[in-house]
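Engineer: the sequence isn't on hand, but the structure is:
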């Protein structure tokens, strides 16, 4: 994993972006934020499992489906299975050691609001 600080590659409203093998962060202070870095490491694992390009295709398609479902960009983003897994486990520093292959699938089904 390569942590790179750049404010130009990060979309407005976000602090980081992961594209295997890089983690781009908007603020240098986030390089030392263990929870933030763990969240991004979970995304790295997800990308490796899906061989990177299929991850981004799935991510984008699921975002579009969630956008139709919730009609709100932030709610759609937070309910993408990859994000749900990462947010649910970002505080668990042992998560990646105990994580099963394709664990994000457990987060695919979302209860209606």
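Structural biologist: Now that the structure is in, tell me what you want to look at. Just so it is clear, the model here is predicted, and its values are computed rather than measured.
Engineer: so residue 96 is in which element?
Structural biologist: When elements are assigned from DSSP states H and E, residue 96 belongs to helix 95-98.
Engineer: mean confidence for that helix?
Structural biologist: Mean pLDDT, computed over helix 95-98, is 98.
Engineer: what do you get for stretch 25-34?
Structural biologist: On average, the pLDDT along stretch 25-34 is 96.
Engineer: against residue 107, how distant is residue 63?
Structural biologist: 14 Å (Cβ to Cβ, to the nearest Å). Where C-beta positions appear, they are placed from N, C-alpha and C, glycine not excepted.
Engineer: revised request: answer the last question for residue 43.
Structural biologist: 13 Å.
Engineer: okay, these two: which has more neighbours?
Structural biologist: residue 43 (22 against 18; other Cβ atoms under 10 Å).
Engineer: show the contacting residues for the more buried one.
Structural biologist: Listed by Cβ atoms under 8 Å, 6 or more residues apart in numbering, the contact set of residue 43 reads 18, 82, 86.
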